[in-house]
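A.B. asks: coords below, sequence missing:
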């Protein structure tokens with residue numbers, strides 16, 4: 001369970017970083033270089049935090065008991 005949750009958090013974090021950078025903040029138009037939404041950097045940072053918190057979740061969740 002903890003492995004699945006950790007992998008899901010890492011993938012969600014990388015996906016959020018990718019989407020936020022390439023589609024919300026990357027200056028594709030040289031004239032218009034402001035981000036499309038003002039809180040896009042916060043979404044990118046949230047993606048980074050998710051990736052790092054995945055290691056915390058992996059370490060703190062108990063492993064399945066094998067009988």
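C.D. replies: Received, thanks. Just so it is clear, the structure is predicted and the values come from calculations on it, not from any experiment.

A.B. asks: and the longest helix that the chain contains, what's buried?
C.D. replies: Scanning the chain for the helix with the most residues, using DSSP state H, yields helix 40-60. If you call a residue buried by 16 or more other C-beta atoms under 10 Å, then helix 40-60 has these buried ones: 40, 43-44, 47, 50-51, 54, 58. Backbone N, C-alpha and C define where each C-beta goes, glycine included.

A.B. asks: can you pull out the low-pLDDT segments for this structure?
C.D. replies: Scanning the chain with the threshold set as pLDDT under 70 gives 26-27, 29-36, 67.

A.B. asks: secondary structure class for the one residue sitting closest to the centre of it?
C.D. replies: Central residue of the chain (C-alpha atoms, centre = their mean): residue 13, 1.7 Å from the mean position. Put simply, residue 13 is helix when judged by DSSP: H, G, I helix; E, B strand; the rest coil.

A.B. asks: wait, doesn't it sit right on residue 44?
C.D. replies: No: assessed by C-beta atoms under 8 Å, residue 13 is found out of contact with residue 44, at 10.1 Å.

A.B. asks: mind checking how far the residue nearest to the centre of the chain is from residue 25?
C.D. replies: Separation of residue 13 from residue 25 (C-beta to C-beta, to the nearest Å): 16 Å.

A.B. asks: report the distance from stretch 59-67 to the chain centre.
C.D. replies: Remark: stretch 59-67 is offset 25 Å from the chain centroid, using C-alpha atoms, centre = their mean, to the nearest Å.

A.B. asks: okay, buried residues for that stretch please.
C.D. replies: Neighbour-count burial for stretch 59-67 flags no residue at all (criterion: 16+ other C-beta under 10 Å).
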